[in-house]
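Colleague: Kindly return the folded structure for what I paste below:
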Amino acid sequence: VQLVESGGGLVQPGGSLRLSCAASGFSLDYYAIGWFRQAPGKEREGVSCISASDGSTYYADSVKGRFTISRDIHKNTMYLQMNSLKPEDTAVYFCATPLVRGCSSEYDYWGQGTQVTVSS
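Modeller: You can find the predicted model right below:
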């Protein structure tokens, strides 16, 4: 199992970024996958998840209405479209899978992370 994030960078407040997570060794058609983030000095927090059972999506309250999670089964890649970015969104973003069909509280496999910095 391998997860590789990309798409992070520096963006001004109010701007947008799209993160990608390329998965290998398992299929997004069968297993849930999610995004997490960790800001300096803070605990890691769940951002969003997409279930393989029925494609249901879940979001942290702090990103609802601004972030959108999606997946491309053919490319075996997950995305996080982030709009209306705020300085408090600055963090290292990770993708992870619990290797079960539904979104879970325990995730076994993680990517290396991609830095997102929101600053003017």
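
Colleague: How confident was the prediction at the residue sitting nearest the centre point of the chain?
Modeller: Relative to the mean C-alpha position of the chain, the nearest C-alpha, by C-alpha atoms, centre = their mean, is the one of residue 35, at 2.6 Å. Looking at residue 35, its pLDDT stands at 98.

Colleague: next one: residue 54
Modeller: Per-residue confidence (pLDDT) for residue 54: 88.

Colleague: residues touching it, list them.
Modeller: With contacts taken as C-beta atoms under 8 Å, 6 or more residues apart in numbering, residue 54 has no neighbouring residues. Heads up, the C-betas are built off the backbone N, CA and C, glycines and all.

Colleague: can you tell me how far it sits from residue 95?
Modeller: In this structure, residue 54 lies at 20 Å from residue 95, with C-beta to C-beta, to the nearest Å as the measure.

Colleague: Tell me the bridge partners for the residue nearest to the centre of the chain.
Modeller: Beta-bridge pairing for residue 35 (DSSP bridges): residue 48, residue 95.

Colleague: My guess is it contacts residue 45. True?
Modeller: No - taking contact to mean C-beta atoms under 8 Å, the distance of 10.0 Å between residue 35 and residue 45 leaves them out of contact.

Colleague: which residues touch the closest residue to residue 47 other than its chain neighbours?
Modeller: Counting by C-beta to C-beta, 6 or more residues apart in numbering, residue 35 is the residue found nearest to residue 47 once chain neighbours are left out, at 4.3 Å. When contacts are counted by C-beta under 8 Å, 6+ apart, residue 35 is found next to 19, 21, 46-49, 69, 78, 80, 93-96.

Colleague: most surrounded residue in those?
Modeller: When neighbours are counted as other C-beta atoms under 10 Å, the busiest of these turns out to be residue 95, with 30 neighbours.

Colleague: Thank you kindly, that will do.
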